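In: Need coordinates for the following:
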Amino acid sequence: MYTSYIMQNSQTLERTQIYLTQTQQSRLAEACRRAAVTKSELIRQAVDQFLSQQAIPSLADKAQHIEGLAGLWADRDDMADPTAYVRSVRAPRF
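Out: Here you go, the predicted structure:
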């Protein structure tokens with residue numbers, strides 16, 4: 001039924017399913033009527049807009065984040081012997 005519509009697009013589309021609240025459904029339906037587009041198209045536009053606003057972390061940002069993890073557990077009293085700690089955590093499973 002939708003094959004002809006999907007095949008007309010220049011990009012290959014993949015189906016997904018989401019759950020929306022009733023309020024979101026109502027607002028989305030109204031926005032679709034105002035924009036004269038389908039829910040799918042409006043959701044794709046919203047996803048594109050959201051993703052275009054996301055910052056892509058640089059290598060320096062990633063390195064700074066990793067450096068911030070150094071010593072994260074240094075003040076933990078239960079980690080005096082990391083090997084013993086790991087064994088105690090795994091003991092119930094093995």
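
In: Now do the helices in the chain.
Out: Ranges of helices in the chain, per DSSP state H, are 3-8, 22-35, 39-52, 59-69, 82-90.

In: buried set for the second one?
Out: Of the residues in helix 22-35, those buried by neighbour count under the rule 16 or more other C-beta atoms under 10 Å are Cys32. (Glycine included, C-beta is placed from N, CA and C.)

In: so what's Thr38 closest to, chain neighbours aside?
Out: Spatial nearest neighbour of Thr38, chain neighbours left out: Cys32 (6.5 Å); criterion: C-beta to C-beta, 6 or more residues apart in numbering.

In: what residues are up against that neighbour?
Out: Residues counted as contacts of Cys32 (C-beta atoms under 8 Å, 6 or more residues apart in numbering) are 38-39, 42.

In: hmm, which of those are the buried ones?
Out: Neighbour counting with 16+ other C-beta under 10 Å marks Leu42 as buried within the contacts of Cys32.

In: hmm, back to that, now the weakest link among the helices of the chain, please, by mean pLDDT.
Out: For the helices of the chain, the bottom mean pLDDT is recorded on helix 3-8, which sits at a mean of 57.

In: Adding distance to Ser88, write the contacts of Cys32 out as TSV.
Out: Rendered in TSV, the data for those read as follows (distance: C-beta to C-beta, whole Å):
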residue	distance to Ser88
Thr38	55
Lys39	51
Leu42	52
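
In: thinking again about what came up before, do you know which of the helices of the chain lies nearest Thr16?
Out: Closest to Thr16 of the helices of the chain is helix 39-52 (C-beta to C-beta; 9.1 Å).

In: In the closest one, which residues are buried?
Out: The neighbour-count criterion (16+ other C-beta under 10 Å) identifies 42-43 as the buried residues of helix 39-52.

In: now for that helix, which elements pack on it?
Out: Judged by 3 or more C-beta pairs under 8 Å, 6 or more residues apart in numbering; DSSP states H and E, the packing partners of helix 39-52 are helix 22-35.

In: hang on, the earlier thing: make CSV from the helices of the chain and add distance to Thr16 to it.
Out: Listed next are those as CSV, based on distance: least, C-beta to C-beta, whole Å:
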stretch, distance to Thr16
helix 3-8, 13
helix 22-35, 15
helix 39-52, 9
helix 59-69, 29
helix 82-90, 36
